[in-house]
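Novice: Based on what follows, work out the 3D shape:
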Amino acid sequence: MASPYRKLRDVLALLAVGLALVAGPAFLVRAEDVSGPSPAGPPPPEPDTYRTDMYRSPVPLTLKGAKVLSSADAMQAWSEHRAIFIDVYPHPPKPAGLPAGTIWREPSHMTLEDAVWLPNVGYGGLSPEYDAYFRRNLAMLTKGDTSKPIVFFCLRNCWMSWNAAKRALGYGYSNVGWFRDGTDGWQEIGGLTVDAHPLP
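Specialist: As a prediction, the model looks like this:
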């Protein structure tokens, strides 16, 4: 016999599906959870456009115009301070309409020491606000030098960093690196992580 909790979960899942069908595609546009174990599977061919869904899935081996860094490459570049490391792991906003007095705990995120966290710039489509946020902070971090080495990362098998690196190339940055295995690969070779805070 199913437990009351399981029944409640099933009812809530059906309700969510029903709301999505009534509200249409706009309801389905939301922050995507990319946490959890890295999915298995062969790397797909490199697409011509940005990835717009299923961001936590196997990624290509290449990104045209960018240098793909192994964990060892990333560690060397980081140790020699040769590049600006940019973490693009998503960060869900504070839910709207919380009752007064509700305590909101910011989700924690760990990243490479001295890396900059620019959340939510790795989605396949950016709002004008996030596009401006990304452009403004890239210009600030590189001091307007589009040849400055910048390295984008997230987790292993996360399209967010692939999208962000591709977008930076589209903005005219010429020395773009993509750390394909991200913080997963970093920790596997002994790299330490620290508590991250999004750049305003």
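
Novice: what about the residue lying closest to Phe134 once chain neighbours are set aside, how many neighbours?
Specialist: Once its chain neighbours are removed from consideration, Phe134 has its nearest residue in Val121; the separation is 4.3 Å (C-beta to C-beta, 6 or more residues apart in numbering). In short, each C-beta sits where N, CA and C put it, glycine included. Other residues near Val121 come to 23 when the count uses other C-beta atoms under 10 Å.

Novice: Touching, Val121 and Ala164? I think so.
Specialist: Yes: in this structure, Val121 sits in contact with Ala164. The criterion is C-beta atoms under 8 Å, and the distance is 5.3 Å.

Novice: intersection of neighbour lists for those two?
Specialist: Counting by C-beta atoms under 8 Å, 6 or more residues apart in numbering, the common neighbours of Val121 and Ala164 are Val88, Phe134.

Novice: Against Gln76, how distant is the residue nearest to the spatial centre of the chain?
Specialist: For the chain, the residue sitting closest to the mean C-alpha position, by C-alpha atoms, centre = their mean, is Tyr89 at 3.1 Å. When C-beta to C-beta, to the nearest Å is the yardstick, Tyr89 and Gln76 sit 22 Å from each other.

Novice: again with Ala196
Specialist: To Gln76, Ala196 is 22 Å away according to C-beta to C-beta.

Novice: and the two? which has more neighbours close in?
Specialist: The neighbour count for Ala196 versus Gln76, taken as other C-beta under 10 Å, is higher for Ala196 (20 against 12).

Novice: Spatially nearest residue to that one, not counting backbone neighbours?
Specialist: The shortest distance from Ala196 to any non-neighbouring residue, by C-beta to C-beta, 6+ apart, is to Thr111 (4.0 Å).

Novice: For that neighbour, list each beta-bridge partner.
Specialist: Following DSSP bridges, Thr111 is listed with bridge partners Val194.

Novice: Bridged to Ile84, which residues?
Specialist: Here Ile84 sits in beta bridges with Ile150, going by DSSP bridges.

Novice: isn't it right up against Ala139?
Specialist: No: using C-beta under 8 Å, Ile84 is not in contact with Ala139, being 11.9 Å away.

Novice: hang on, the earlier thing: could you grab the helix/strand/coil label for the residue nearest to the centre of the chain?
Specialist: Put simply, Tyr89 is coil when judged by DSSP: H, G, I helix; E, B strand; the rest coil.
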